[in-house]
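A.B. asks: any chance you could fold what I've pasted below:
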Amino acid sequence: MEQVWTSGDWTLAVRPDMGGALTACRYRGRNVLRPALEGGGVLGASAFPMVPFVGRIDQGRFEYDGAAFAVAPNFPPEPHAIHGHGWQSAWRHAVIHDALRLDLKGADSRWPWPIEASQTFVPDSNLLLYELRLTNLGATAMPAGLGWHPYFEADGASVMANVSAAWAGARAHDCVPLEGVDRLSEPVPVSGLDVDRCFEWPGGQAAIRLGNGLSIEMEAGPFARRLTLYHPAGAKFLCVEPVTQAPDAVNMSDPAAAGLQRLEPGRTLVLTALLRVRGV
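C.D. replies: Residues are numbered from 1 along each chain as shown. As a prediction, the model looks like this:
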C-alpha cells in the first residue's frame, strides 16, 4: 500500500511492499521525479534502490575469495541477475523525526550473505538527501555495491554531468575514452539520447533541466563515483543513477577499479545523493 508523507515543501510517496520504491516526489506541488505509472510495478515507479549490487552479474555466477557462487536470474528473459534483490523485496517503513526511512533485514535465498539495508529520505528547504546503507550480517566478507535508480520525465529535459570515461564492450568490462554525445560537459537534450551506459564520474555531480521548468542539481557522496544514464530512444523517462560500481564488476579482472567494495562482516557501505531544486 502506498504511504504518502509531507515535510515542508516536499511530498513523497513510497511503496514499502513494492521493492521499497518511491512512487511520487514533488517539491511545492511540482514533479521532481516522474509520478509512478499505474500498474507499472517497481519499474514504473519514481525511483527504487539497487542493493546489494548494481547492474548485472553475468549469468548470475561469480567467484569470490576462491569460492564459486550462483545468484538466480531475476529479470526474465535476461539470463543475468540484475540490481540485487532489494528492488524485489518488501521493506518496512517509518517516519523518524523529519526523515522517512525504509528498512530491509535478514537472510534471503537470492543472495549468499545475510544483509541489513536502509533507505532514508531527508528534506530540508529545497534539498532532498537520499541515503542507502548496506551492512554485511554474514560471517565472511562479501562483494558489495549500491545504487539509486530515479526516473525523471524526459519531455523537454536536458542533462549534463562531469563524466570522464565509459564502461563499454560486449560485457561492459572495458573503460574507454568518451566520444560524441558521451561528452556531457554541456547540457544534452534528452530527446536526442539513446543510451544505457555506466560512466566514470569523478566529481559526482550532474544537472537535469526538466521540461516543467525545474532544474535539479545532483551531488553524490564519495563512494558513488559512477553514473548510469538510461534513456532508450523515444522513452518518456530519463534515469540518472548514482552508483558505486560498474555492471558485473565482480567478474572483472580488477573489481576494485570498477568500484566493487569488499564488505567485511559487520561493516557498512553508504551511498548518498543530494538533490537540489531550483527554478521555483
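A.B. asks: and the residue lying farthest from the centre of the chain, how close does it get to residue 261?
C.D. replies: In the chain, the residue that sits farthest from the middle, by Cα atoms, centre = their mean, is residue 66; the gap is 28.9 Å. As for residue 66, its distance to residue 261 is 19 Å (criterion: Cβ to Cβ, to the nearest Å). All C-beta spots, glycine's among them, are computed from the backbone N, C-alpha and C.
A.B. asks: cool, and residue 100?
C.D. replies: 26 Å.
A.B. asks: on the three-state scheme, residue 224 is what?
C.D. replies: Following DSSP: H, G, I helix; E, B strand; the rest coil, the label given to residue 224 is coil.
A.B. asks: quick check: it touching residue 242?
C.D. replies: Yes. Look at residue 224 against residue 242 with Cβ atoms under 8 Å: they come within range, at 4.0 Å.
A.B. asks: if we ignore the residues flanking it in sequence, what's nearest residue 61?
C.D. replies: Among residues not flanking residue 61 along the chain, residue 70 sits closest, at 5.3 Å (Cβ to Cβ, 6 or more residues apart in numbering).
A.B. asks: report pLDDT for the one you found.
C.D. replies: At residue 70, the model reports a pLDDT of 96.
A.B. asks: with the one 4 residues further on instead?
C.D. replies: Model confidence at residue 74, expressed as pLDDT, equals 96.
A.B. asks: any weak-confidence spans in the stretch 51-200 of the chain?
C.D. replies: 180-182 (pLDDT under 70).
A.B. asks: any chance you could map the helices in it?
C.D. replies: Remark: no helices are assigned in the stretch 51-200 of the chain by DSSP state H, counting those that start in this stretch.
A.B. asks: biggest strand in the protein by residues?
C.D. replies: Within the chain, and with DSSP state E defining each element, the longest strand by residue count is strand 111-124.
A.B. asks: pull out the buried positions in that strand.
C.D. replies: For strand 111-124, burial by neighbour count (16 or more other Cβ atoms under 10 Å) applies to 111-113, 115, 117-123.
A.B. asks: ok, the closest residue in space to residue 158 that isn't next to it in sequence to residue 128 distance?
C.D. replies: In space, and not counting its chain neighbours, residue 158 is closest to residue 187: 4.1 Å by Cβ to Cβ, 6+ apart. Relative to residue 128, residue 187 is positioned 22 Å away (Cβ to Cβ).
A.B. asks: burial measure for the nearest residue to residue 268 once chain neighbours are set aside, as a count.
C.D. replies: Closest residue to residue 268 apart from its sequence neighbours, by Cβ to Cβ, 6+ apart: residue 135 at 4.5 Å. Residue 135 sits with 20 neighbouring residues when counted by other Cβ atoms under 10 Å.
A.B. asks: so who does residue 201 touch?
C.D. replies: Residue 201 makes contact with 161-164, 220, 224-227, 242 under the criterion Cβ atoms under 8 Å, 6 or more residues apart in numbering.
A.B. asks: and if we set it to 7 Å?
C.D. replies: Neighbour list for residue 201: 161-163, 225-227 [criterion: Cβ atoms under 7 Å, 6 or more residues apart in numbering].
A.B. asks: then residue 195?
C.D. replies: For residue 195, the contacting residues are 229-231, by Cβ under 7 Å, 6+ apart.
A.B. asks: can you lay out the residues you listed as TSV showing pLDDT, neighbour count and secondary structure?
C.D. replies: Formatted as TSV, those follow (pLDDT from 0 to 100; neighbours: other Cβ atoms under 10 Å; DSSP: H, G, I helix; E, B strand; the rest coil):
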residue	pLDDT	neighbour count	secondary structure
229	96	23	strand
230	96	17	strand
231	96	22	strand
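A.B. asks: partners of the helix or strand where residue 216 lies, with directions?
C.D. replies: Per DSSP states H and E: residue 216 is located in strand 215-220. Neighbouring strands of strand 215-220 in its sheet, by DSSP bridges, are strand 205-209 (antiparallel), strand 268-278 (antiparallel).
A.B. asks: how far away from the center of its chain is that strand?
C.D. replies: Put simply, strand 215-220 sits 14 Å off its chain's centre (Cα atoms, centre = their mean, to the nearest Å).
A.B. asks: buried set for that strand?
C.D. replies: So, applying 16+ other Cβ under 10 Å, buried residues of strand 215-220: 216, 218-220.
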